[in-house]
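A.B. asks: give the three-dimensional model of this entry:
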Amino acid sequence: MADWATFSGAVGIILVLLLVLARASATELDEAALSEPKSTDSPEVTDEVDGGVSDETLFDTETDASDSERDRFDTEEPVHVEGESVDADEAPITQPAESTRTPDAPPLSTPALLANVVFSQGLFGVLLLAMAWYTQVPARAFGLSSETLTVGAVGTGVAVGVVLYGLNEAAGRVARWQGLSTPSTLREALTPETAAGWAILLVVVLPIIAGFEELLFRGALIGVVHAGFGVSPWLLAVGSSVAFALGHGAQGRLGIVVTGLLSLGLAAAFVLTESLVVVIVAHYVVNAAEFVVHEGPEMA
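C.D. replies: Coordinates of the predicted model:
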């Protein structure tokens with residue numbers, strides 16, 4: 001007999017750990033963005049009239065020359081005669097020594113970030129499956145059965161993913177039209193620079209992300225809780241979407257809202273189809289399209 005309570009407790013622990021790690025990752029990305037050097041160059045401002053220099057500019061130049069000459073005498077360092085004492089006020093001002101502070105450690109490279117994602121989410125996924133086996137939670141509660149493991153489910157997932165990606169892009173366009181933007185720091189940090197890196201991203205990393213997140217946020221938090229305790233799946237869909245959005249805090253406040261709405265769409269697809277395969281495929285399609293469309297041209 002399935003031990004629904006024990007499994008749900010384990011899911012809660014995994015969810016808390018995931019949110020803590022997500023928060024830490026968001027903070028690290030913010031610090032990395034702030035530590036990027038900013039250009040201090042500024043364009044020179046000239047007062048030109050019809051391609052020439054204005055009379056006002058010539059007048060100001062002459063005035064500035066006389067002022068600078070006067071300032072030179074005012075600020076000239078006093079001559080020190082040997083044997084005479086030097087007042088503190090007359091002591092020459094020395095430049096401060098250069099800081100010996102060790103610069104912050106460089107951020108993780110893209111391969112290291114991808115390996116970290118694979119390890120962390122893969123580990124959480126294995127723990128989740130191990131707890132499901134230990135507590136005897138049936139696969140059907142997750143939305144996995146012979147009826148859902150079909151080519152038709154894969155096709156439905158692709159269609160759902162394309163629709164959700166289109167809505168996500170439309171929301172992004174509206175946000176930019178309103179002067180808002182969603183940070184792309186995380187996506188850029190995970191974008192490979194080689195063809196082999198792209199193959200690993202599309203074939204290994206993104207499937208693991210989609211598989212684990214759907215297993216947790218849709219399969220466990222909606223399917224298992226509904227099957228074990230009879231809670232409304234639509235209520236669980238809202239709650240799991242809030243948790244999913246908070247787990248993507250690295251995308252900023254607007255990104256959290258957009259991600260929450262995207263998660264709600266995936267949750268609705270799960271409730272309506274009762275298929276984990278559908279939402280895993282849809283999730284993968286959305287993520288893959290995001291990378292290929294926005295970062296793909298740089299892969300060369």
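
A.B. asks: give me the number of residues near residue 227?
C.D. replies: By the criterion of other Cβ atoms under 10 Å, residue 227 has 18 neighbours. Where you see a C-beta, it was placed from the backbone N, CA and C, and this is true even at glycine.

A.B. asks: residue 2 should be in a strand, yeah?
C.D. replies: No: judged by DSSP: H, G, I helix; E, B strand; the rest coil, residue 2 forms no part of a strand; its state is coil.

A.B. asks: mind checking how far it is from residue 240?
C.D. replies: Going from residue 2 to residue 240 by Cβ to Cβ, to the nearest Å gives 20 Å.

A.B. asks: who has more neighbours out of these two?
C.D. replies: residue 240 (25 against 15).

A.B. asks: what helix or strand is that one on?
C.D. replies: Assigned by DSSP states H and E, residue 240 falls within helix 233-246.

A.B. asks: mind listing what's buried in that helix?
C.D. replies: 233, 236-237, 239-241, 243-246 (16 or more other Cβ atoms under 10 Å).

A.B. asks: which of those lies closest to residue 201?
C.D. replies: Within the buried residues of helix 233-246, distances to residue 201 taken as Cβ to Cβ reach their minimum at residue 244, with 21.1 Å.

A.B. asks: how much space between that closest one and residue 284?
C.D. replies: Distance check for residue 244 against residue 284: by Cβ to Cβ, it reads 15 Å.

A.B. asks: for the residue lying closest to residue 136 once chain neighbours are set aside, give me its contacts.
C.D. replies: The shortest distance from residue 136 to any residue other than its chain neighbours is 4.8 Å, reached at residue 2 (Cβ to Cβ, 6 or more residues apart in numbering). Applying Cβ atoms under 8 Å, 6 or more residues apart in numbering to residue 2 gives the contacts 135-138, 141, 228.

A.B. asks: if you rank the residues you listed by neighbours, which is first?
C.D. replies: Neighbours were tallied for each of the contacts of residue 2 (criterion: other Cβ under 10 Å), and the maximum of 25 neighbours falls on residue 137.

A.B. asks: now for the helix or strand hosting residue 115, which elements pack on it?
C.D. replies: With elements delineated by DSSP H and E, residue 115 resides in helix 110-134, which encompasses its position. Judged by 3 or more Cβ pairs under 8 Å, 6 or more residues apart in numbering; DSSP states H and E, the packing partners of helix 110-134 are helix 4-34, helix 185-190, helix 195-200, helix 206-214.

A.B. asks: what comes up buried for it?
C.D. replies: By neighbour count, and taking 16+ other Cβ under 10 Å as the criterion, the buried residues in helix 110-134 are 110, 113-114, 117, 120-122, 124-125, 128, 131-132.

A.B. asks: from the buried residues of helix 233-246, which is closest to residue 274?
C.D. replies: Distances from residue 274 to those, taken as Cβ to Cβ, are shortest for residue 233 (9.0 Å).

A.B. asks: ok, now how distant is the closest one from residue 218?
C.D. replies: For residue 233, the distance to residue 218 (Cβ to Cβ) stands at 10 Å.

A.B. asks: kindly report the same for residue 147.
C.D. replies: 17 Å.

A.B. asks: before we move on, what about residue 255?
C.D. replies: Residue 255 sits 20 Å away from residue 218 when distances are taken as Cβ to Cβ.

A.B. asks: ok, those two, which is more surrounded?
C.D. replies: When residue 255 and residue 218 are compared for neighbours, residue 218 comes out ahead with 31 against 20, by other Cβ under 10 Å.
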